[in-house]
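attaching a predicted model along with its sequence, questions to come.
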Amino acid sequence: MASSATACTKPILPSAFTVSETEKSILCHVSFTKPTPILQKLSHANNRQRVNAVKTVEQREASCGGARGWEEAGEKARILVSEKLGEAGLRVLREFGEVECAYELTAEELCRKISCCDALIVRSGTKVTREVLGAAKGRLKVVGRAGVGIDNVDLQAATELGCLVVNAPTANTIAAAEHAIALLAAMARNVSQADASLKAGKWQRSKYVGVSMVGKTLAVMGFGKVGSEVARRAKGLGMHVIAHDPYAPADRARAIGVDLVSFDQAISTADFVSLHMPLTPTTNKVFNDNTFAKMKKGVRIVNVARGGVIDEDALVRALDSGIVAQAALDVFTEEPPSKDSKLVQHENVTVTPHLGASTKEAQEGVAIEIAEAVLGALKGELSATAVNAPMVAPEVLSELAPYVVLAEKLGRLAVQLVSGGSGIKSVKILYRSARGPDDLDTRLLRAMVTKGIIEPISNTIVNLVNADFIAKQKGLRISEEKVVVDSSPEQPVDSIQVQISGVESKFASAVSESGPISIEGKVKFGEPHLTCVGSFDVDVSLEGNLILCRQVDQPGMIGIVGNILGDQNVNVSFMSVGRTSRRKKAIMAIGVDEEPNTDALDNIGAVPAIEEFVFLKL
Ligand SMILES: NC(=O)C1=CN([C@@H]2O[C@H](COP(=O)(O)OP(=O)(O)OC[C@H]3O[C@@H](n4cnc5c(N)ncnc54)[C@H](O)[C@@H]3O)[C@@H](O)[C@H]2O)C=CC1
Ligand SMILES: O=C(O)C(=O)COP(=O)(O)O
């Protein structure tokens, strides 16, 4: 067996094997990875370096950046709140972390501050762009949107960078619905125009004759939380309510006495149209010259959703031509809109400065909702309001916790069995379980296998948020198969097998008869165990480091290897032998607490009966 040295600061490969750059990266990386709680691994960037204590804010900002975090630095989590947040939420945050409220930051200021922050809390006024997320350089773990609409956060960039985005989707629903109704009524009765006129000393009763709402048709566009509350209230005002929402269940609409109709039907029959859909690429400027042309002449429009769903120039044209009699707008494409905006200045337009969520009650509720979501994320919990990560029910999460550890360790082991230089393209994860495929949520497990495979061979931080994206980006096809087996239904999973195909292994025995590198593990007594390597059954607890040897099955092998390790003061934590048949080939799996030095590994390699071996870090 040939010998070589690694360029790692810690020697960790047996001298028997040549070391590729990939392998060096695996081993250097692995040796610096600090164990973190399971769930923190899921949602946190892995911070690998310690940061020195710094004194002033300026010094700290200058020294921040890189994937450094509060846990590694022994500091409190740093939470930047960039827009006004209710006091109750701030109190919750302050109990946990160091909170900085800095409002009206420029993009540059935000980019500078963000590199020192573990969490950022925004409302609708802060643009969380790719630049901002990138400037965090891996430290930012969570963006909390204190409200519903997340169109001001670049979700794609956040996902790519493994940054969790959470929102507060429920606390401002009623406030927004009430504001829509307020605008509807104010518009119908010219309240704001009449108010301004009277304050200007005029008494114009005939000019401000309004229209009644009772008996009129209201089209609610977007029948979600706010839309359905608006519908409920409008029904109370005696309006006939119809709604358009391609994704809303008809029975929910029926329960409120609302007919779900097509887009065209909604806009062509309505006297009033109230917008409650999110701003997405599909809804962007969905109200434009074409759609206004289909509306009933004299229609009245309320927008408490997002300015961007309306082509504002087209709305001005529709107002001028009389197609739209009046509009009441809380939201604008650009906020604040320019002072000379024709739309804002239009005499038939009533405006408010994005006040939909601005009631005391809603703001306190939103602040608490987002504070709890952000703290949960910082603590490594999966959030029920995650926008860019799968939501996993707490009971599923606790049940899967030991399997999550197993999945990552199997991924980490499997990748170390691949010969350096051969790119990994195809990974298959096979779950054996007593439960039917639909009863087993494997998203977490897949993410952890992905993390285990990718992190050791790249600088990319992988977590539940970005696992699928990163795998795709690296050209890694991860397929899954769930096989129902006769095992305890109490256990969500009986075993997990990770197969890597189309690559060579540096430990030939790890290649199964069917071709791929294959290792399998189980959870036993709550701990992850390796139970199969290639075609060999083993049974070792997955902790510390592992030496796998293939040898001729003969007496004394355990003693020989044990003595070599003992001579170098390396403690063997467990040992297991699996064999194909008696006195033929056997695999010895040896768990070691310490890292054997090169001499120890050389000596193992020199034992004549040992045909191949590999040292693996878990
Ligand atoms: N002005 C303000 O202060 C506030 C504004 N909002 C805005 O209101 C929007 C709705 O909020 P929620 O009701 O809480 O959200 P939601 O997610 O409960 O409801 C949105 C509904 O829009 C539907 N939708 C999606 N695409 C659609 C399309 N192309 N056409 C019709 N419907 C479509 C969805 O299926 C969903 O039912 C938010 O996205 C936010 O932008 C929300 C709160 C306060
Ligand atoms: O929750 C939403 O979507 C809102 O539009 C509320 O925005 P705000 O938090 O008041 O800036």
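The structure has been received and is ready for your questions. Ligands and ions are numbered 1, 2, ... in the order given.

residues contacting residue 479?
Listed by Cβ atoms under 8 Å, 6 or more residues apart in numbering, the contact set of residue 479 reads 426-429. For the C-beta atoms, the positions are set from N, CA and C on the backbone; glycine is no exception.

cutoff 10 Å now
If a contact means Cβ atoms under 10 Å, 6 or more residues apart in numbering, then residue 479 has 426-430, 446, 499 as its contacts.

just give me the closest of those to ligand 1.
Checking these against ligand 1 with Cβ to the nearest ligand atom, the nearest one is residue 446 at 26.9 Å.

next up, identify which helix or strand the closest one is on.
Element membership for residue 446 (DSSP states H and E) is helix 443-454.

off-centre distance for that helix?
Relative to the centre of its chain, helix 443-454 is centred 14 Å away, using Cα atoms, centre = their mean, to the nearest Å.

what mean pLDDT does that helix get?
For helix 443-454, mean pLDDT is 93.

buried residues in the helix or strand following that helix, which are they?
Using DSSP H and E, the helix or strand that follows helix 443-454 in sequence is helix 467-473. In terms of neighbour count (16 or more other Cβ atoms under 10 Å), helix 467-473 has its buried residues at 467-471.

checking the residue in the chain that ligand 2 sits nearest to next. Helix, strand or coil?
In the chain, no residue comes nearer to ligand 2 than residue 147, which is 2.6 Å away by Cβ to the nearest ligand atom. For residue 147, the secondary-structure state derived from DSSP: H, G, I helix; E, B strand; the rest coil is coil.

wait, it touches residue 167, no?
Yes: here residue 147 lies in contact with residue 167, judged by Cβ atoms under 10 Å, at a distance of 6.7 Å.

mind listing the shared neighbours of the two?
With the criterion set as Cβ under 10 Å, 6+ apart, the overlap between the contacts of residue 147 and residue 167 is 366, 369-370.

which of the residues you listed tops the neighbour count?
The member of the shared contacts of residue 147 and residue 167 surrounded by the most neighbours (other Cβ atoms under 10 Å) is residue 370, with 30 neighbours in all.

give me the pLDDT value at it.
Reading off the model, residue 370 has pLDDT 98.

hmm, residue 93 and it touching each other?
Yes: taking Cβ under 10 Å as the contact criterion, residue 370 and residue 93 are neighbours in contact, 9.1 Å apart.

between those two, what contacts are shared?
Here residue 370 and residue 93 share the contacting residues 81, 85, 119, 121, 144, scored by Cβ under 10 Å, 6+ apart.

give me the distance between the two termini of stretch 479-489.
Using Cα to Cα, to the nearest Å, one end of stretch 479-489 lies 24 Å from the other.

what sits against whichever residue of the stretch 201-350 of the chain sits closest to ligand 1?
Among residues of the stretch 201-350 of the chain, the one nearest ligand 1 by Cβ to the nearest ligand atom turns out to be residue 224. It sits 1.7 Å away. Counting by Cβ under 10 Å, 6+ apart, residue 224 touches 148, 169, 173, 245, 247-248, 252, 276-278, 305.

returning to that earlier point: ok, now how distant is the residue of the chain closest to ligand 2 from residue 449?
Here the distance between residue 147 and residue 449 works out to 35 Å (Cβ to Cβ, to the nearest Å).

more neighbours: those two, which one.
The neighbour count for residue 147 versus residue 449, taken as other Cβ under 10 Å, is higher for residue 449 (30 against 24).

weed out the non-buried ones from the contacts of residue 224.
With neighbours counted by 16+ other Cβ under 10 Å, the contacts of residue 224 contain buried members at 148, 169, 173, 245, 248, 276-278, 305.

any idea of the pLDDT on the closest residue in space to residue 180 that isn't next to it in sequence?
If you skip the residues right next to it in sequence, residue 180 has residue 304 as its closest partner in space, 4.4 Å away by Cβ to Cβ, 6 or more residues apart in numbering. The pLDDT attached to residue 304 in the predicted structure is 98.

pretty sure residue 304 is in contact with residue 351, am I right?
No: contact status for residue 304 versus residue 351: not in contact, 11.6 Å apart, counting by Cβ under 10 Å.

and these two? which has more neighbours close in?
For residue 304 against residue 351, the residue with the higher neighbour count under other Cβ under 10 Å is residue 304, and the figures read 29 against 20.

from residue 231, how far off is residue 177?
Taken as Cβ to Cβ, the spacing of residue 177 relative to residue 231 amounts to 9 Å.

common neighbours of those two, please.
Residues touching both residue 177 and residue 231 (Cβ under 10 Å, 6+ apart): 274, 276.

helix, strand or coil for residue 429?
Classification of residue 429 by three-state DSSP places it in strand.

now do the contacts for it.
For residue 429, the residues meeting the contact criterion (Cβ under 10 Å, 6+ apart) are 407, 410-411, 414, 442, 445-446, 448-450, 478-482, 496-499.

not counting its neighbours along the chain, what's nearest it?
If the residues on either side of it in the chain are set aside, residue 429 comes closest to residue 480, at 4.9 Å by Cβ to Cβ, 6+ apart.

burial count for whichever residue of the stretch 451-600 of the chain sits closest to ligand 1?
Of all residues in the stretch 451-600 of the chain, residue 465 sits closest to ligand 1, at 20.3 Å by Cβ to the nearest ligand atom. Using other Cβ under 10 Å, residue 465 has 30 other residues around it.

what's it in contact with, if anything?
For residue 465, the contact set (Cβ under 10 Å, 6+ apart) comprises 42-45, 141-142, 158-165, 377, 386-390, 447.

just give the nearest non-adjacent residue to it, would you?
By the measure of Cβ to Cβ, 6+ apart, the closest residue to residue 465 outside its immediate chain neighbours is residue 389, 4.6 Å from it.

repeat that for residue 142.
Closest residue in space to residue 142, ignoring its immediate chain neighbours: residue 377 at 3.9 Å, by Cβ to Cβ, 6+ apart.

if you rank the contacts of residue 479 by neighbours, which is first?
Neighbour counts for the contacts of residue 479 were taken using other Cβ under 10 Å; the highest belongs to residue 427, which has 27 neighbours.

re the thing from before, show me the buried ones among the contacts of residue 224 that map onto helices.
residue 173 (DSSP state H).

adjacent strands (with direction) for the helix or strand that residue 529 is a member of?
In this structure, residue 529 sits in strand 527-533 according to DSSP H and E. According to DSSP bridges, strand 527-533 forms sheet pairs with strand 517-524 (antiparallel), strand 536-541 (antiparallel).

list the residues that contact both of residue 304 and residue 351?
Jointly contacting residue 304 and residue 351 under the rule Cβ under 10 Å, 6+ apart are 183, 328-331.

now do the strands in the stretch 51-200 of the chain.
Remark: strands of the stretch 51-200 of the chain, listed N- to C-terminal, are 77-81, 97-101, 119-122, 142-145, 164-167; assignment by DSSP state E, counting those that start in this stretch.

would you reformat those as JSON lines and include mean pLDDT?
As requested, those are arranged in JSON lines below (pLDDT from 0 to 100):
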{"stretch": "strand 77-81", "mean pLDDT": "96"}
{"stretch": "strand 97-101", "mean pLDDT": "97"}
{"stretch": "strand 119-122", "mean pLDDT": "98"}
{"stretch": "strand 142-145", "mean pLDDT": "97"}
{"stretch": "strand 164-167", "mean pLDDT": "95"}
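
any residues of this structure in contact with ligand 1? List them.
Neighbours of ligand 1 within the chain, by Cβ under 6 Å from any ligand atom: 147-149, 169, 172-173, 176, 221-227, 244-248, 276-279, 282-283, 304-306, 330-331, 354, 356-357.

please name the residues that touch the residue nearest to residue 180.
With contact set as Cβ under 10 Å, 6+ apart, residue 304 has these partners: 175-184, 226-227, 230, 274-276, 328-331, 352, 354-357.

what does residue 481 give?
Contacts for residue 481 were tallied using Cβ under 10 Å, 6+ apart; they are 428-432, 437, 442, 497, 499.

same thing but at 8 Å, please
With contacts defined as Cβ under 8 Å, 6+ apart, residue 481 is in contact with 428-431.

all set, thanks.
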